Every structure is written in C-alpha cells, then in structure tokens.
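A.B. asks: Sharing a sequence plus its predicted fold:
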Amino acid sequence: MTILIHPTYFSNIANFAAIAQADKLIFEQEDNFLKQTYRSRTFIHGANGKLLLNIPVVHTQKNRQKYKDVKIAHDINWQDQHWKSILSAYSTSPFFEFYKDDIIPLFKTRANYIFDFNLKCFKTICDCLQLEIEYSKTDQYEKMVEGISDFRYLVNAKTEEPKFETYSQVFDDKNGFLNNLSILDLLFNEGPNALSYLENQVITAHQ
C-alpha cells in the first residue's frame, strides 16, 4: 500500500500507525501551510496532563506559503524549551535512557525549514523503531488522488481522533490514559514493542 501523508512534528500515533502499515510513503510538501496543525505541533504526556509543544514559524506578508517554504522562527530558544519539557515528561519512562541519545541532536542543531526538520524527526524515529520504509515527496498539489491511500487529513489537529489501544504511560495513575499523543510517548514507554503496537492499530484513509 502506498500512502500520501504529511511529515509532522514528532507525528502522533495515528500518523505513525498509517506509516507503519504502508509499503511506500509519499510526503505532501506542495500544499499551503496552515497554522494550528500537526505540521508545527505535537502533544506529550506531562505531569499535569496533555502538554502542547509548538514550533514557532516565520510569518510572511504573503497570503499563502507552501509547506516546504515555511521557515522556523528562532526569536526564542524553542528547541531548548521543548527538550526540557520532554525531559520532564519522560526521564522516568522505561526506555528514555535507551533512546535519548538519538533524539537529543534534533534539539541541539538549528533547523531552518519546518518541512525539513519534520523529515529529520521522521527519519530519527524510524531508526529508533527499526522501521525501514521507502518515501518520496510530491512535486505538485492534487486535491484528489487515485490508487494511493490519502492520509493527509490526519495533519488537521481538529480531526476526530481514532481511539487506540491503551499502553502504560508515565503519569497514567494521575491523568489516566491519553490517546493519540506524539510517537515519543509510545517510544519512551513501550520501546521495542512500539512498532508491533503501531502495526496492529486500526487507521483508515480519507474516503
């Protein structure tokens, strides 16, 4: 199965379930960038519940910008802030020490374009999951696609989320199970079991 999907910031379970069950990926890069989507945000499980990590972007005078052309803003040290939040949320998780050295470099190297940074996050997570998958990028935007499973709708943070099987989370005794968080949550809590978990979740393409 070939799927069409967006590279998002440390993609959530829905995105990675679709990716893990695909044979090939096509990453959408030619669509218009929209604010408040998973292109620039992800959610982790903090001590007080669901915690938003948001990448600031450079706003342009143009009405529309393609996703691949959007630059990351560095007015504040967001990378340091995000890493501190991840450290606070997951330092006691079962597999944090195992994967942290793979993840840290993403927050120590300055990134210019959000699409490229998200792609780098994707590759890093695939290495951690030991998931090998072939991918390409779109060269033009098509609203309707044929012969490809379209999962681009998952980029919308307001999309109704599928309910996934529960797994152990660091603060679930306090907050209960939080559904469809960042892949980081699954990775740090489930480790080598994360890939088989993803492969067994039910996720459907846009009709």
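C.D. replies: Now that the structure is in, tell me what you want to look at.

A.B. asks: Give me the distance between the closest residue to Q140 other than its chain neighbours and S168.
C.D. replies: Nearest non-adjacent residue to Q140, counting by CB to CB, 6 or more residues apart in numbering: E30, 5.6 Å away. For the C-beta atoms, the positions are set from N, CA and C on the backbone; glycine is no exception. From E30 over to S168 the distance is 39 Å, taken as CB to CB, to the nearest Å.

A.B. asks: Okay, and the beta partners of Y135?
C.D. replies: Beta bridges link Y135 to L25, judged by DSSP bridges.

A.B. asks: Correct me if wrong: it contacts K24.
C.D. replies: Yes. Contact status for Y135 versus K24: in contact at 7.0 Å, counting by CB atoms under 8 Å.

A.B. asks: Need the nearest residue in space to C126, chain neighbours excluded.
C.D. replies: That would be I133: by CB to CB, 6+ apart, it lies 6.7 Å from C126.

A.B. asks: can you pull the contacts of the one you found?
C.D. replies: Counting by CB atoms under 8 Å, 6 or more residues apart in numbering, I133 makes contact with I19, A22, D23, K24, L25, C126.

A.B. asks: ok, D80 - how many residues close by?
C.D. replies: Number of residues near D80 (other CB atoms under 10 Å) recorded here: 11.

A.B. asks: now the contacts of I133 in CSV, with neighbour count?
C.D. replies: Listed next are the contacts of I133 as CSV, based on neighbours: other CB atoms under 10 Å:
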residue, neighbour count
I19, 24
A22, 19
D23, 9
K24, 12
L25, 19
C126, 18
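
A.B. asks: Of these, which is the nearest to N179?
C.D. replies: Proximity to N179 was ranked across the contacts of I133 by CB to CB; first place goes to I19, at 17.9 Å.

A.B. asks: Tell me where the chain has helices.
C.D. replies: Per DSSP state H, the chain carries helices over the ranges 13-20, 78-90, 96-103, 105-108, 114-129, 172-175, 183-190, 194-199.
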